[in-house]
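Asks: fold the following and give me the result.
(one chain, ligands or ions: 1)
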Amino acid sequence: MHFTGTIWRPPYEAGSLLLQVTAGCTHHACKFCTLYEDLPFRFRASPAGEIEADLRELQMLLNDPAAMLSSRLQGMSRPKAPRRVFLTGANPFALSVERLENIAGLIKRYLPQCESIGCFARVTDVCGKTDRELERLSALGFDGLSIGVETGDEEALRFMNKGYTAQEIVTQARRLDGAGISYSFMYLAGISGAGRGEAGAAASAEVFNQTHPKIIGSSMLTLYPGSELYSEVQCGRWAEEGELEKLVEVRTLVERLEIPVYFATLGASNAVLVEGELPLDRPLLLQRLDGACSHLSEEELRRYRVNLRHL
Ligand code: SF4
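Replies: Residues are numbered from 1 along each chain as shown. You can find the predicted model right below:
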């Protein structure tokens, strides 16, 4: 299988087959981002032959009698044909519809049991496709996009160079709803900056409440020296939220969300892990976040943050 650089996928895609169809990010301009910096290019679409070779290799593995025997001898279950494929790269959904159709066709040919195809997507990737094209992609199995919207705070979106507005999040999410393509949002606590965490969460809840994400996964901003944001901080143009402020921000978001959604603090960037169905588990989530705010000190949480070598 071809894999280039660090491969990122949401925790909830752990059971999906990872298929490289792109590497890197078409945008590559968010000030806080240091992902994909290990690549010698910004963005690369995999040639069709490379994707097909990976699928062929997987098909052979699934049907290889020697591989089956080896699993059996090791007491492992026979490798199962994946029912979901997750396309890797920061935003494979930026590829043209024709290219995505070809990829879906290859997946269907080599993995006929596959029921759905997911990937990371940017809001702007949806803008570039017509309603009819989105419906075509939905019919081909594209579903469950993971969109790193980060926030609904207009000021933060602009400052961080996200490349879209809060209104565009709502508009494009509604277009996905219309096409029958489900999606999850990734939120980035801390993106609004010192003193603006609660306001950023409130603005985000207002935006998210107009959409229908399946999951809202919250990460916490971690400042790395290689990022443009780090230079902004050094120049005094931006100040980081404290760790307790970030927790209060997450609490505000949980409190203000009115839509039915699965909420989770996802990944290593969170020192405090909470998850549950909203609105049902809201009291439990708030209790846990309140408990963390009163029992953990800024210093303890800061220690966790500075020891985080990578996300
Ligand atoms: S869109 Fe995602 S991967 Fe690309 S620069 Fe922004 S945060 Fe990084």
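
Asks: when you work out contacts or count neighbours from here on, use the C-alpha atoms and nothing else.
Replies: Noted.

Asks: can you pull the contacts of Arg44?
Replies: By Cα atoms under 8 Å, 6 or more residues apart in numbering, Arg44 lies in contact with 22-24.

Asks: where strands are concerned, which of the residues you listed count?
Replies: Among those, DSSP state E puts 22-24 in strands.

Asks: can you show me the helices along this protein?
Replies: 48-63, 65-73, 97-110, 123-127, 131-139, 154-159, 166-179, 197-208, 228-234, 243-256, 282-295, 298-306 (DSSP state H).

Asks: so how many other residues sit close to the residue of the stretch 51-200 of the chain found nearest the ligand?
Replies: Residue of the stretch 51-200 of the chain nearest the ligand, by Cα to the nearest ligand atom: Ala90 (4.9 Å). By other Cα atoms under 10 Å, 27 other residues sit near Ala90.

Asks: so it sits right up against Gln20, yeah?
Replies: No: using Cα atoms under 8 Å, Ala90 is not in contact with Gln20; the gap is 10.8 Å.

Asks: need the contact list for the residue of the chain found nearest the ligand.
Replies: Going by Cα to the nearest ligand atom, the ligand is nearest to His28 of the chain, at 3.6 Å. Shown in contact with His28 (Cα under 8 Å, 6+ apart): Arg42.

Asks: dump the helices of the chain into TSV; add mean neighbour count as well.
Replies: Output for the helices of the chain, formatted as TSV (neighbours: other Cα atoms under 10 Å):
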stretch	mean neighbour count
helix 48-63	15
helix 65-73	13
helix 97-110	17
helix 123-127	20
helix 131-139	17
helix 154-159	17
helix 166-179	19
helix 197-208	22
helix 228-234	16
helix 243-256	22
helix 282-295	15
helix 298-306	14
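
Asks: neighbours of Cys25, how many?
Replies: Cys25: 21 neighbours (other Cα under 10 Å).

Asks: circling back: for Leu87, see how far away the residue of the chain closest to the ligand is.
Replies: Per Cα to Cα, to the nearest Å, His28 is found 18 Å from Leu87.

Asks: in the protein, what helix or strand scores lowest on average pLDDT?
Replies: Among the helices and strands of the chain, helix 65-73 carries the lowest confidence by mean pLDDT, DSSP states H and E, at a mean of 77.

Asks: relative to helix 48-63, how tilted is that helix?
Replies: Between the axes of helix 65-73 and helix 48-63, defined by axes from the mean of the first three to the mean of the last three Cα atoms, to 10 degrees, the angle is 50 degrees.

Asks: centre of the chain to helix 65-73, how far?
Replies: From the chain centre to the centre of helix 65-73 is a distance of 35 Å (Cα atoms, centre = their mean, to the nearest Å).

Asks: Leu221 - nearest residue in space that isn't next to it in sequence?
Replies: Nearest residue to Leu221, sequence neighbours excluded (Cα to Cα, 6 or more residues apart in numbering): Gly190, at 5.3 Å.

Asks: wait, I meant Arg83
Replies: Nearest residue to Arg83, sequence neighbours excluded (Cα to Cα, 6+ apart): Cys114, at 4.0 Å.
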